[in-house]
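Undergrad: what's the 3D shape of this:
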Amino acid sequence: MKKMLLILALALCSYANAQKGSVLVMGNVSYYSQKNSGFNLENKQNGFGIQPKIGYQFHENWTAGIESNFINIKQTSLEGNKYKDQVYGFGGFVRYTRPLGSIFSAYADLGIGYQNRKETFTDAVGQTYNDNNGFYAGITPAVFIDISKGFGLNFNIGGLNYTSLDTDSATGSSYRTKTFEFNFGQSFSVGLSKNF
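TA: Numbers count the residues shown, from 1 in each chain. Predicted coordinates for the structure are as follows:
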């Protein structure tokens, strides 16, 4: 199976100040594409995500605010089957930042909120769906490096995530799915920020 994974994790915009009373506006964008082929089989999958945040720094080390996310995944097969997965989320976050010198800082975000996920399956027989509603919670540790004149890079290598979703399917069945994910060291993202 050949796999191509492209992750773009850039901050859309970031306005932050290392002093009490400042505003933080930032976001991440991600994209990936995957193609599997062989033995008259071909699957294509594309995904796009955006996660904006806005917060208020009420203390030298503490920031609180709101966050949201949108993820859209589409998959098609050679037979014409289609799968679509859309996730929407909205919640709040708290960030604790600790300077490690004049250039480095470590921070951790704790986020919690509401999440909706809708999966749609289309094949020769027709269309079915799963509608999921619930909540998410996650802790993401990261490191900030001040490059020059307020420009900086944010690095994280995973975190701790929990979701609880209640599912209503097109067949009339309902069930609950709880997911706990510890992916520390298994994922990597880089963000760009600017301090004013």
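
Undergrad: What distance do you get for G65 to L110?
TA: Going from G65 to L110 by CB to CB, to the nearest Å gives 12 Å. Backbone N, C-alpha and C define where each C-beta goes, glycine included.

Undergrad: which one of those two has more residues nearby?
TA: G65 (20 against 16; other CB atoms under 10 Å).

Undergrad: where's that one, which helix or strand?
TA: strand 62-77 (DSSP states H and E).

Undergrad: can you give me the helices for this structure?
TA: In order along the chain, the chain carries no helices (DSSP state H).

Undergrad: Could you list the low-pLDDT ranges of it?
TA: Counting by pLDDT under 70, the chain shows low-confidence ranges at 1-19, 38-41, 149-151, 170, 186-187, 192-196.

Undergrad: residue nearest the centroid of it?
TA: In the chain, the centroid-proximal residue (CA atoms, centre = their mean) is Q51; its distance is 5.9 Å.

Undergrad: wait, it sits on E67?
TA: Yes - the criterion here is CB atoms under 8 Å, and Q51 meets it with E67 at 6.8 Å.

Undergrad: Between these two, which contacts overlap?
TA: Between them, Q51 and E67 share no contacting residue under CB atoms under 8 Å, 6 or more residues apart in numbering.

Undergrad: how far away is the residue lying closest to K35 once chain neighbours are set aside from F121?
TA: Spatially, and ignoring its direct neighbours in sequence, K35 is nearest to K44 (5.2 Å; CB to CB, 6 or more residues apart in numbering). Look at K44 and F121: by CB to CB, they are 16 Å apart.

Undergrad: Those two: which has the busier surroundings?
TA: More crowded of K44 and F121, by other CB under 10 Å: F121, with 17 against 14.

Undergrad: Tell me the spatial nearest neighbour of the more buried one, not counting adjacent residues.
TA: F121's closest residue in space is T128 (CB to CB, 6+ apart), at 4.9 Å.

Undergrad: so what's D146 bridging to?
TA: D146 has the following beta-bridge partners by DSSP bridges: G152.

Undergrad: List the residues that contact it.
TA: 102-105, 152, 195.

Undergrad: Make a markdown table from the residues you listed and add neighbour count and distance to K84 to it.
TA: Compiled in a markdown table, those are given as follows (neighbours: other CB atoms under 10 Å; distance: CB to CB, whole Å):
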| residue | neighbour count | distance to K84 |
| --- | --- | --- |
| S102 | 7 | 48 |
| I103 | 12 | 44 |
| F104 | 13 | 42 |
| S105 | 19 | 39 |
| G152 | 22 | 36 |
| N195 | 16 | 39 |
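
Undergrad: Which parts of this structure are strands?
TA: Taking DSSP state E to define them, one finds strands in the chain at 10-11, 22-38, 41-57, 62-77, 82-99, 104-122, 127-148, 151-156, 160-169, 174-182, 189-194.

Undergrad: And the third one, how far out from the chain middle?
TA: In terms of CA atoms, centre = their mean, to the nearest Å, the centre of strand 41-57 is found 6 Å from the chain centre.
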